[in-house]
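# Sequence first, predicted coordinates after that:
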Amino acid sequence: MGSVLGPSVHIASPRVCFRFLCHVYRTSGTWPPSRPVGGTPLLENILLGFDPFLLPHGPWTASSRVGLKGVQGPFLRVSPWDRFDSCPGGKGKLNRALVRSKGWEKRRVKGTKTKQKANRRSGMAGRDGNAWDEVDDLEGDVHYRVLGLVRQASAEDVKKAYRTKARELHPDKGGDPVAFGKVQEAYEVLSDPKKRETYDTWAKNLKFRYVRGVAPRAEGGEGILLDEFERMGISCDPLTQLVITCEVCRRPSTKECWTCGMKICDFCGLKRHWKGSFGLHWPLVNSDHMRERLAKRQFEEKKLEDARRLALEDPNYRNEQELQDIRKFKDAAVKMQENPRRKITFDMELGRYYMWAQTQAYVYLAVFIPTGYSDKEIVLEANERTILIQAEESPPVIDRFLSKGLSLEEPIESFVTDDNRFFTAALPKAKMGEKWDALFEGDPHGARCMEPPYRIKEHQNEVVMEIVLPFWIEDEDVRLNISEEGFECEVRNTTHLKKSFWMNKSKRGTFQAVDLQECAWSLDEEVDGQGETCKVLMVNFVRPPPTQEEIMYKKGNRDDNRSKPRRDGQQRKGVRFFIEDEDEFGLEDVLQALCFLDSGETFVPPKPWIRDAEPKVIREFALLNPKVKDLLEKMLGESGDDSEPEDEFYYKSTEVPPTVY
């Protein structure tokens, strides 16, 4: 029992012990077996190995001795003397053997209280005793009862009750020291909010607590444990086999609490317990289920990672952003096909997919084709005034009339990436040296051109745009209109610009790109770089003041185009002030490489994520952007690797003769 071997160590189990007893009885013919083992009666060794409060239900008879081998329950709570009286061999033999082995005295006493005292001396409640009387705090309210309080009593009520009880029970005033000590202990617990909370919580969990001789014990799992041992081929000696049991319910222990070291079972691992100086707490155990969950999660992550890797290896793989671009493109293309003037209408929904630049001899067109796939061919059809570019089985990206004519004597040289999504075409000019103001008929001047016909400079509070005009232009020749969406500028017989401001879509209805009342323009006479007189149209777009929210939470920084995150995956911020000037797909780098390859120089517009950057013309290879250098090497075929490059800018060059209609 617990007092001999400790609170959590038992020898074998009832099932093993009684199997062994029956075996001895059948071989020796005597009951109870009293052959000494190690100098101690065998019966005492066996009785010490199991809980005397759990025995198979029903008396043992001579006819049931052989069948006892398979007895596993049900178990009932009975007093020790009742169990021993029902054992084979009769009441007297077993009682006398027990008295001799433990030194117990069985007395005939009169009166309930005397009989209970005798039972307490024997270590357990007798058949006629009330075992509940031995439990001091079964309901978890003894401290409240000592002070005469209810559980809902306030801290002031606890203090008053303590003072009253202390005056009555203080030993200096003739009170009982034991009762006064209980009052002191009750006040110490209930006056401390943390201790009181723990005590009240502990009271709620008392229904899970096992009290020897009082609270019913849950059915044990010894038989299941032994069956599992037999299945595993493990032999169990009933005299030496130790079973660690749960310190709460006495089931076989399967784990240990890391906080207090208590041996617990799987059931008790689901509720709180206490031990020694450790208050009420949840068990902290090393469980395999967490390891299994982590392994399962890692396995799922590995599967997703492998799926992503295989998807990326597919040349036709498209991520969610690219699929969204495809849907937007198809919607815009279908809408444009319904327009009867589609060949002379500029639409930014389709214009965002191409950009162009020009040299003395060629017009270079760079196109991003959302529906391009490695197994779909790119279709290019062109004549002197029209051009069509589309992916196979897809709506056209470009189907427009050109603003100027093409030369029919030279073929159109094109480059295309390996995945057929980036396409470039070198369109030979019909008149060498002729300057194109627009690429397509019906487009505003400089629409989607890498080098626009103006210079723009962004500041904290304003945006300044300068347009160089001929010297004969006067104020009455300029018509300029600024609205909340954009501005339109028309100079007589010279230029026509139409631009849209970048808008913060998350603040639609409240966002303003410019303050219309503060915007202004002027026409000044200046001298250009060649020493000739010219006019400069200067337009000043004033940004509105920061909102109250921007002042309070963003230190006065506006949510304008300079703070817009880019979609290039490099965590850069900043887009261009005009929507028509924005490059979403890196087409400017391709055009710079083509222009430098043709004429040995290229115009480089300032990047919007670089503050205070200036536009410039580069004539040295070393000053080019690293990405532009890489593109030039691939176009010239100077890559050191003979194998086909796997990055997106692998170009295949083809020559297509103009189609004559």
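Right, received. Where do you want to start? Numbering: from 1, shown residues only.
# residue ranges of the strands in the stretch 301-450 of the chain, please?
In the stretch 301-450 of the chain, the segments counted as strands under DSSP state E, counting those that start in this stretch are 354-358, 362-368, 378-382, 386-391, 396-401, 412-417, 422-428.
# Restricting to C-alpha, output the first one in CSV.
Spelled out, that is strand 354-358. C-alpha atoms of strand 354-358 as CSV (Å, rounded to 0.1, in the frame of the first residue of the first chain):
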residue,chain,number,x,y,z
TYR,A,354,3.2,48.4,-74.4
MET,A,355,5.8,51.3,-74.7
TRP,A,356,7.8,52.7,-77.5
ALA,A,357,10.9,54.7,-78.3
GLN,A,358,12.6,56.0,-81.5
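# name the helices or strands packed onto that strand?
Strand 354-358 makes packing contacts with strand 362-368, helix 587-599 when contacts are defined by 3 or more CB pairs under 8 Å, 6 or more residues apart in numbering; DSSP states H and E. Backbone N, C-alpha and C define where each C-beta goes, glycine included.
# Buried deepest among those, which one?
Greatest average neighbour count among the helices and strands packed on strand 354-358 goes to strand 362-368 (a mean of 24), per mean count of other CB atoms under 10 Å.
# got the CA coordinates for it in CSV?
Backbone C-alpha positions of strand 362-368 (Å, rounded to 0.1, in the frame of the first residue of the first chain) are rendered in CSV as follows:
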residue,chain,number,x,y,z
TYR,A,362,13.6,52.9,-86.3
VAL,A,363,10.7,53.0,-84.0
TYR,A,364,11.1,50.3,-81.3
LEU,A,365,8.0,48.8,-79.8
ALA,A,366,8.1,46.7,-76.6
VAL,A,367,5.0,44.7,-75.7
PHE,A,368,4.1,42.6,-72.7
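# Show me the contact partners of it.
Strand 362-368 is contacted from outside by 353-358, 387, 389, 397-398, 421-429, 436, 439, 585, 587, 590-591, 594-595, 598, using CB atoms under 8 Å, 6 or more residues apart in numbering.
# same thing but at 7 Å, please
With CB atoms under 7 Å, 6 or more residues apart in numbering as the test, strand 362-368 has contacts from 353-358, 389, 397-398, 421-429, 436, 439, 585, 587, 590-591, 594-595, 598.
# angle of it against helix 587-599?
For strand 362-368 against helix 587-599, the angle by axes from the mean of the first three to the mean of the last three CA atoms, to 10 degrees is 150 degrees.
# What pairs with strand 362-368, parallel or antiparallel?
The strands that strand 362-368 pairs with in its sheet are strand 354-358 (antiparallel), strand 422-428 (antiparallel) (by DSSP bridges).
# Mind listing residues that contact the longest one?
The list of residues contacting strand 422-428 from outside it, by CB under 7 Å, 6+ apart, reads 361-369, 378, 380, 389, 406-407, 410, 412-416, 590, 594, 649.
# what comes up buried for that strand?
Phe422, Phe423, Thr424, Ala425, Ala426, Leu427, Pro428 (16 or more other CB atoms under 10 Å).
# Contacts only, for Tyr317.
By CB under 7 Å, 6+ apart, Tyr317 lies in contact with Ala311.
# Can you list the low-confidence ranges for this structure?
Counting by pLDDT under 70, the ranges of the chain that qualify are 1-138, 204-230, 232, 234-242, 287, 508-509, 638-661.
# partner strands of the lengthiest strand in it, parallel or antiparallel?
Counting by DSSP state E, the longest strand found in the chain is strand 533-542. Looking at strand 533-542 with DSSP bridges, its partner strands are strand 462-469 (antiparallel), strand 520-527 (antiparallel).
# who touches it?
So strand 533-542 is contacted by 461-471, 473, 478, 480, 514-515, 518-528 (CB under 7 Å, 6+ apart).
# Quick check: buried residues in that strand?
Those would be Cys534, Lys535, Val536, Leu537, Val539, Phe541, Val542, for strand 533-542 by 16+ other CB under 10 Å.
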